[in-house]
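In: Sequence first, then the predicted structure, then my questions.
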Amino acid sequence: MTSKRKVDMYDPLSENFKRREFPFYWIAQINALYSQEMERLLKRVDMDVPRWRIIMILKEHSELSISDIASQAVAKLPTTTKIVYRMRDEGLVNLVTSSEDGRVTLVSLTDKGVESLELIRGSVSKLFRSSFQGLSSAEVHRTNVLLSKLFDNLKALSD
């Protein structure tokens, strides 16, 4: 079998296409299972995936604009704005107007937001360790490199 024919089995237009060999099949399967498990874990502490994602982003960056959060969360700006304002009302984040640009709202975690993060981190860590059981650090790194390349290729389509 030639190299071209091997690649063909990944292309949905190919006669050699195999659904279980299609990388996006596995990405979708993994994402669905991961999302279900995250929803289950987060529900225990009155949290959901969008708010968890924003809290994790803010934990890493301490303060970001709503548009930067939306970009990093790969979410629409209006949706992110709505979630951030709901989080403010729940006492999870603080909002301030940027001193450099009055049109920009900066978001940071409150103590309650950090407490919410700490409530679930152990469970999420167990989920990560179970999910990556049997994989070396190098394999996890390689997976991230490959997924990052796929992300960049897809992002280029929308730019």
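Out: Sure, I can see it.
In: Pull the contacting residues for the closest residue to residue 70 other than its chain neighbours.
Out: Closest residue to residue 70 apart from its sequence neighbours, by C-beta to C-beta, 6 or more residues apart in numbering: residue 80 at 3.8 Å. Backbone N, C-alpha and C define where each C-beta goes, glycine included. Listed by C-beta atoms under 8 Å, 6 or more residues apart in numbering, the contact partners of residue 80 are 54, 66-67, 69-70, 73.
In: From those, keep the buried residues only.
Out: Neighbour-count burial within the contacts of residue 80 applies to 54, 66, 69-70, 73; the criterion is 16 or more other C-beta atoms under 10 Å.
In: what's the offset of stretch 28-42 from the middle of its chain?
Out: 11 Å (C-alpha atoms, centre = their mean, to the nearest Å).
In: Closest to residue 41 out of the buried ones among the contacts of residue 80?
Out: Using C-beta to C-beta, residue 54 comes nearest to residue 41 of the buried ones among the contacts of residue 80, at 16.4 Å.
In: that older thread, max pairwise distance over the contacts of residue 80: which two?
Out: Across the contacts of residue 80, the two lying at the largest distance from each other (C-beta to C-beta) are 54 and 67, at 12.8 Å.
In: sorry, back to before: mind putting the contacts of residue 80 into a markdown table with pLDDT?
Out: A markdown table is the format used below for those (pLDDT from 0 to 100):
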| residue | pLDDT |
| --- | --- |
| 54 | 96 |
| 66 | 97 |
| 67 | 96 |
| 69 | 98 |
| 70 | 97 |
| 73 | 94 |
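In: Just the CA coordinates for whatever helix or strand the residue nearest to residue 70 lives in, please, in PDB.
Out: Assigned by DSSP states H and E, residue 80 belongs to helix 77-89. Extracted in PDB, the C-alpha atoms of helix 77-89 (Å, rounded to 0.1, in the frame of the first residue of the first chain):
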ATOM      1  CA  LEU A  77     -17.700  37.200  22.800                       C
ATOM      2  CA  PRO A  78     -21.400  37.800  23.500                       C
ATOM      3  CA  THR A  79     -21.700  34.400  25.200                       C
ATOM      4  CA  THR A  80     -18.500  35.000  27.200                       C
ATOM      5  CA  THR A  81     -19.700  38.400  28.200                       C
ATOM      6  CA  LYS A  82     -23.000  37.000  29.500                       C
ATOM      7  CA  ILE A  83     -21.200  34.300  31.500                       C
ATOM      8  CA  VAL A  84     -18.700  36.700  33.000                       C
ATOM      9  CA  TYR A  85     -21.400  39.100  34.200                       C
ATOM     10  CA  ARG A  86     -23.300  36.200  35.700                       C
ATOM     11  CA  MET A  87     -20.100  35.100  37.400                       C
ATOM     12  CA  ARG A  88     -19.700  38.700  38.800                       C
ATOM     13  CA  ASP A  89     -23.200  38.500  40.200                       C
END
